[in-house]
Structures are given as structure tokens and as C-alpha cells.
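J.: Quick one: sequence plus predicted model below, questions after.
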Amino acid sequence: ITFYRKDYTAPNHRIKSTDLIFTLNPSRTKVESRLQFESWGETNPDNLPLELDGEDLELEKVLLNGKQLTSESYTQTASGLTIHNPGREGLLELTVYIQPDKNTRLEGLYVSNGNFFTQCEAQGFRRITYFPDRPDVLSQFTVTLIADKTTHPVSLSNGNLIEEKSLDDGLHQTRWEDPFPKPAYLFALVAGRFVCQEETIQKGDGKPALLQVWVEPGNLDKTDFAMQSLKKSIDWDRSRFGLDLDLDRFMIVATADFNMGAMENKGLNIFNTRFVFANPELATDVDFENVESVVGHEYFHNWTGNRVTCRDWFQLSLKEGLTVFRDQEFSADMMAEGLDVKQAESARAAKRIDDVKVLRAAQFPEDAGPMAHPIRPDSYQEINNFYTVTVYEKGAEVIRMQHTLLGETLFQRGMKIYFDRHDGQAVTCEDFVAAMETALQESHPELDLKQFRHWYAQAGTPEVFASWKQADDRLELTLKQSCRPTPGQATKPAFHIPVKLGFVDVASGNDMPLVLESNAAALHGDVLDFTQASETFVFTGLSKPVVPSLLRGFSAPVILHTAHNTEDLIFLAGHDNDPFNRWDACQKVYGKAIVDIYKSAGDTGSANTQAAVQVVGSLLQDAQLSDGFLALALQLPGEGTLLEAFEGLVDPVAMHFARTTLRDLLACTYAAEFNALYAERNLNGQPYEYNAIAASQRALKNVALSYLLAAGSEEELAIAQAQYAQANNMTDRMAALSNLVHTSAEKPAELADFFERFKLEPLVVDKWFMLQATIPASNENADTLQIIRDLLKHPAFTLKNPNRARSVLAAFAMQNPSVFHNHGGEGYALWADLVIELNTINPQVAARMARGLDRWTKLVPLLQDKARVQLERIFNTDKLSPDVREVIGKALDAA
Ligand code: ARG
Ligand code: ZN
């Protein structure tokens, strides 16, 4: 079944209050509910049915206004319960039973390591009890939890704890009241054996709030950083957005079994342990960064998502795009904190570069593939398939563009208008843009966001083509835009693209003042409004030669093609005053070199390859660069990005070897420099601290290490071995180990050592699996497919735990192209086996993994044939879930 955005209708009834009683038992939990309902609209007819969603529920009792209903007064189906003629208002009482310990889907109420958890977004609540499981039905919840005192001594739900008492038969009970009406997807309960780290803070209004981070016993040594991150998030939202915590109690609970990253349930956020646990011995710098950002993300949802929520799931980006934008800004502000202006700019640019890398590696392919959709989709078969990089990350780019167009002050004014208008409501993306437009027009009545709204409606990554002529003191800049067809959208009107730009004086390296002669109203500061299919802008006052720097800071999520020649790119790589574009110029040079090597089957003599060598040489000599920037600028574009950017059908194995060839050339050319760099940045033995500066220093050292190992002599191997042995933190240990495993001649002894050391830490064991599943084809000494087959039989492997499943399957199918796309097709066959197996265990995670061949029509014919066989094999599997069916069906349709 396909659901369409245009089919939205308001519900018949609202549920004023919801009273739930859970008698928790792993194999058979009783759920009693009392729903106070009333007619949605004043003018609704009296006889509209009350529609409740429900799946896999055992219904015991239905009472309407205290009277047991006979079976002709309601209809029960596999997807819900309809009460006929309930009247305009009344009380519906239900009793159902569910089986949490059989729930391997991890949607609804499930058991993990003996403890109870819920995941209700998007439509998990209907697996707990019958309810209007749609985000526009907001209800005030009271929840009673009855559980065994010894096996489930801690029981939590949303809001405030209003009662706690002991019952007979070894049971105890807690009662929770959430003061804020909320949709069912924000409901949560947790019960089991937990310990917590807690702290009382003062809110903006001076009132106290209790913060808690709950984990299973034995993990309290991993919660400090999450608690710090939570406190920073609260402070930041208050100072930058003027939004304060609205609850007396805010809890985070970690579970090892979780489909996604985390969930913003009101006052009771539930997290994948991956985004809570952080201590230096077990977590890398990147893990620390992710914990801070996800803790922030979920906390920021409290306003953008919970106080104002979505009318329907097509509006998902309303909360996700906005909240990702907020968490990106939070991370950037945290990284820049305490630094001088120049360092702060560089730190913010590093964060921006990381985010754009994700966009190019994952979102651009999605936008070009069979699952392409606008950030506000028009249809879906399974909503869980639409928690995508498009809705999240491209959604955040669309918010960022509005921030660029309005500026911080007007953007914050728009946020205020948004909350004034919609606090407590379930609204649409249009409502958000309308609030921003009001803020814009208060100061600029002549401007609007009319054309800008296409970003919500049109899928596909726009391509922008830029060319220019400079003569006398004028520069004519011509921009053209187009966007390839995507499923259901053959042609698209032009986008409103904010192009941030500068003209860099070749002689001095300074930015020239921007004076726009034609169409002067299109320039706002250094941002140009580009709104036509083709437009020429004439700038004056440019008597000396300049090189244009376009789309600074990646001011719009587009693919930019410019008329820059190699010399221009080398100049920008050395002198662009915008650090993002400076990095991007390096990436362009490397990308061209790799494509030359790919096309010439390994030849390294091209001018672009020479340019890449020259760029790296200059970077290594530039004493002004921050460690963080240098670490990013020295890294070659990822394989996914290269494959997507390649024009024409592509062979991922050959692309891997082309990239490796450039890497090895750079490694050999600059062996001495990388050695020196490594030695200078090597802090081995010094105490570890996680902060932006120390992390950049480690990142740079470890980039140097990877080049050292690429050059590959015994001596360099010894450096990595020493780093592994002496490391006092996971960042250095992992970096050493992954270089050893991915390039070493034999199975390094360190691999076994690593498992022995950390076998009791599931998140580190995930790293151990992941490292091996990503050994590339260029390591001739490893048969990675065989290694993976063996890993699948390892006693520590299970498909039931999503993190563990991903540590092999996603690592292999999505992060190891040279093995996955091996010419024999065995990679695809193995992938298909696993997707089929996972489909029956956990459809949501299986559907994620099923995205592995999204871009199969971009592969060379030999590989397309092998891919099709496996796609068809999956599609024809018995009992294929709607989740996997949608993904594979769309992939096959793309042919
Ligand atoms: N709202 C959560 C977040 O972004 C993600 C929930 C994902 N759930 C799902 N069923 N796909 O933080
Ligand atoms: Zn979110």
C-alpha cells in the first residue's frame, strides 16, 4: 500500500486524556487503557466512528462508558479497531496483552537483556495498545507501571513521578504524569535493573530540574560525558535560541538494542548505548563528538518536535531537518568555544566540512537513486524507510539556507513567531516557512520565500554551472542550474539558490569588495540570490585578476561545476579565504587526479595528478594551517563520493585501486614529511583529554600514520605497532589497529589482542567486527569475503542486535565498495543472504541494509547483471516485509 500526503484528513476524535496501566511481564504484559475522547470538530456529525490503530494485540475487553461492548458494536482487523457510534464524547476502556520478549523488531515494547524498553516513533505505539497512532492526536498521559521488585526495580515513564509504592506478591508500582499533551509516538517506558548518574541544575526561571542518565549496572564509568553534554545542551538552547527546559525532570536511558541512534520521548530520551557511553579507553574522539551531538539533538527536539510536532509523517523534516540544523550549530559552537577568532573560524569550518562530507557521500546518492524523495515526501509505503539522509541532512541544509537568507537575528525572530503561533500544535513544514517569511518581511517587505519553497517539494540535487569572463574592471558571472528527473518528477522549476561568494585577488590573496552592477538587489552582503535557469551577474571594480570562490561554506546543497582550471584550483587550495572552499578546492584536485588514474588504468602521469602532488606538498609546508584543517585537507575524497561524482557507469573495484594509487604516490613522495608530522604530533604517553584542539592533533597524527603505512616498509609497520601497544585511548589504538588490519601483510597479532582486551565491551567488539568487514580489496593478503563468512559464525555475532548486525553487514555493503562489488558477484550474494535473514528478525534494520544496491544502475554492465539477480532473489522471498519490499521494489523499478 502507498500512502499519499494529499490524502490527509483530520481525525474524527481527539483523545483528551490517556490513562495507562502496565502490568509488566516479559512474556505476557497486560496493558489497560482509559481513553477520554471527544469529537474533533464542532460541526462533526454525531455518528462518526472512533478509529484506533493496533497490530499484533490480543484484545480482552472493550468498555464504552463503563459498559462492555458486544462484538457488533466494533470492528477489529489486523490493523486496528473501529468503535461504531461512540457518540461525541465518552470513555473507552481497553485491556490488551502483548509479548515483549518475542519482539525482535524492537518497535513497540520490547525486552533487551531482561529490561523493558519502548520505541514508538513512528508507529510503534499501535503494537502496545489500540490508539489513534498519528502525530496530530495529542493527549495528556498518566502511566502506572507495575513490575517485579527484584527483576525490574526501576520503572520510568514520561514526565513527573507522582507516586511510588510497594504491592503484594513482590511487585511494586510507579505512577507518572506528563503535564504536556503529546502524540503517542513520544510515549516511553523503561523498566529493569538500572543505576544512574544524577545532578540537579537550575533552570532559567531559577527552579531546579533533576537530570539523570540511566544505564545497566557496571556502566556508570561511561556516563560523565553524556551528562556534561546534556548540561551544555540545556545552556546552549537557552542562550542561543532562548528556549529553556520545561520539565522538573529529564532522563536519558541507554540500551544496547536499539534500531536507530536515539529517541526524543518527552522527558525520557532513550538512546542506543553507542551515543551515551564515552570514556577514553573505549570511545574514540569521533565517538565523543557523536555523543555530544546526539544528546544535543534529542534534547533540542524537546522544543522542535515535542512542543511543536508534526501534523503527519510527511512533515517529518519539520522536526528532523530543524533539529539537525540545531545540533550542527550546537556542535560548531562547542568546538569553537574558548578559541580566538581565527581558530574558531577554522573549528567551525571543520564541522561544516564533516557535515558536507556526509551529504555528498550519502545524500547525493540517495537523491540520484530509486529512493529519491523531496525533504517533504509526497508518498511512502513504509514510513520507517523515510528516516533518511534527505529528510534529516538535506532537511537541515534547507533550514540552513533560510538561516543564510535571513541572518541570525531574523532567523531567531522567525523561530519566535513559529513558537508564538504553534506551541502545543501539530503542524506542517509550510507553517515553519510561513513563520520565517513573516520575520523576513517585517524587515524586507519586498522579499519572500515563494520560490524557496520548491526545496520542500522537489527531489534531486540541483546542478549549478558557473562560468565567467573578466575584462577591464568588470567580471561577468554566468550561473545556470538544472536538476535531473527523479521518480515522479520529470521536470522542475528553478530553485532559489543562495550563492555565497568572493573574488580572490590573485596578487594579494585578499578578497575584493563585491560590487554588483546588474540586478544589484540580488546581492545581500556576500550572498547572491540565484533564481533563474540561467542568469548573468556583472560585478565591477575588479581591475586586477581574481579567481571566483563560489558557494562558500557550501551555501546550498547543490553540485557545483565551475570553469576553474587546474591552476585556479591550485590557487584556491592555497589561498581561498573561505576555509570550506579551500578544503573543497583540494578535494576537487584529488578527485580529478583519481579519475585520471581510473581512466588510464593506473597511469600517474596526468597534469591533475601532478597538481594533487603539488597541493599536498604546499599543505605540508604551510605553517599557518590548524591541525584540524590540515587533517581534513590531506584526506582524499571517500570512495562513495568518488563513485557518485563519476560521469557514466563505474567500476567500484577499479575506483578503489585508482584512489589507492594516488594515496601511495603521495605517501612515497612525502614519506619524510609525513614522518616528521607524525613525530611532532605524537603525544603518546601524555594524558588523554577530549577537546577540539587535542582531537585535531590526534586526527592529524593518525592521517600521517595512514600515509606512513601506505608507503609500507617494515619500519612504518613498527610505528603502528608501537602506537597500538602504547595507546592510552581508543582513538590512537583504533587508528593504529585499523591501519595494521587494512594494510598489513598478515593477520596482525594486535587483532586478537584487541578482542581479548575488550571482549566484555559490546561497543568495542562492534569495532572489532567492523574493522575486519572493511578490509579493502587492495590488501592482497586478506580474503575479506571469507573473513566475513567466518565472522558471521563467530560466537559473538548475532543479527538480533542491530549494532552488531550493522558492524558486519553495513560495514561491508556500505563502507567497503571494493569487496562488496567484487566482479564475481559473491559480495552481492552474501549481502542478499543476510538481508533475507534479517527481514524476518527486524524489518526496519533489514530495510536499511537493503539500500546497499540502491545505485546499481550506475555500475558497469557486468556488475549490473550480478546485482539484478540478487535484487530479484530478495524481492521474490516469501514473507518479505513491507519495509524491505519498498526498498528492493523501487531499486528494481529503476532499471
Ligand atoms: N526521532 C528520532 C531522532 O531523530 C529517530 C526515530 C527513528 N525511528 C524510526 N522508527 N525510524 O532522534
Ligand atoms: Zn531527530
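T.: Sure, I can see it. Ligands and ions are numbered 1, 2, ... in the order given.

J.: Residue 295 versus the closest residue to ligand 1 within the stretch 151-300 of the chain, what's the distance?
T.: Per Cβ to the nearest ligand atom, residue 260 is where the stretch 151-300 of the chain lies closest to ligand 1, at 4.2 Å. From N, CA and C alone the C-beta is placed, and that goes for glycine too. Here residue 260 is placed at a distance of 15 Å from residue 295 (Cβ to Cβ, to the nearest Å).

J.: Neighbour count: the two, which is higher?
T.: The neighbour count for residue 260 versus residue 295, taken as other Cβ atoms under 10 Å, is higher for residue 295 (29 against 17).

J.: Please verify my assumption that that one contacts residue 229.
T.: Yes: with contact defined as Cβ atoms under 8 Å, residue 295 reaches residue 229; the gap is 4.0 Å.

J.: Please list all residues in contact with the nearest residue to residue 183 once chain neighbours are set aside.
T.: Spatial nearest neighbour of residue 183, chain neighbours left out: residue 135 (4.3 Å); criterion: Cβ to Cβ, 6 or more residues apart in numbering. Applying Cβ atoms under 8 Å, 6 or more residues apart in numbering, one finds that residue 135 lies in contact with 183, 185, 309-313, 426.

J.: now residue 9, what's its secondary structure?
T.: Here residue 9 is recorded as coil under DSSP: H, G, I helix; E, B strand; the rest coil.

J.: Contacts only, for it.
T.: Contacts of residue 9 (Cβ under 8 Å, 6+ apart): none.

J.: And it, how close does it get to ligand 1?
T.: According to Cβ to the nearest ligand atom, to the nearest Å, residue 9 stands 23 Å off from ligand 1.

J.: how far away is that residue from residue 184?
T.: The spacing between residue 9 and residue 184, counted by Cβ to Cβ, is 18 Å.

J.: what about whatever residue of the chain ends up closest to ligand 1, how many neighbours?
T.: Across the chain, no residue is closer to ligand 1 than residue 387, which sits at 3.8 Å (Cβ to the nearest ligand atom). Residue 387 has 19 neighbouring residues, counting by other Cβ under 10 Å.

J.: how about the nearest residue to it, chain neighbours excluded?
T.: With Cβ to Cβ, 6+ apart as the measure, residue 260 is the residue that lies nearest to residue 387, at 6.8 Å, once sequence neighbours are left out.

J.: Mind checking what secondary structure that neighbour has?
T.: coil.

J.: helix or strand for the closest residue to residue 241 other than its chain neighbours, which one?
T.: Leaving aside its chain neighbours, residue 241 sits nearest to residue 415 (6.3 Å; criterion: Cβ to Cβ, 6+ apart). Using DSSP states H and E, residue 415 sits in helix 395-422.

J.: Partner strands of the helix or strand following that helix, with direction?
T.: Counting by DSSP H and E, the element after helix 395-422 in chain order, helix or strand, is strand 426-427. Within its sheet, strand 426-427 is paired with strand 309-310 (parallel), according to DSSP bridges.

J.: surely the residue of the chain closest to ligand 1 meets residue 316?
T.: Yes: using Cβ under 8 Å, residue 387 is in contact with residue 316, at 7.3 Å.

J.: Which neighbours do these two have in common?
T.: Common contacts of residue 387 and residue 316, defined by Cβ under 8 Å, 6+ apart, comprise residue 122.

J.: wait, isn't residue 858 in contact with residue 652?
T.: No: in terms of Cβ under 8 Å, residue 858 does not count as a neighbour of residue 652; the distance is 9.6 Å.

J.: So for those two, which residue has more residues nearby?
T.: Legend: neighbour count by other Cβ under 10 Å for residue 858 and residue 652, higher for residue 652 (26 against 19).

J.: Tell me the buried residues in the worst-scoring helix or strand of the chain on mean pLDDT?
T.: Lowest by mean pLDDT, DSSP states H and E among the helices and strands of the chain is helix 714-726, with a mean of 92. For helix 714-726, a neighbour-count test (16 or more other Cβ atoms under 10 Å) marks 716-717, 719-721, 723-724 as buried.
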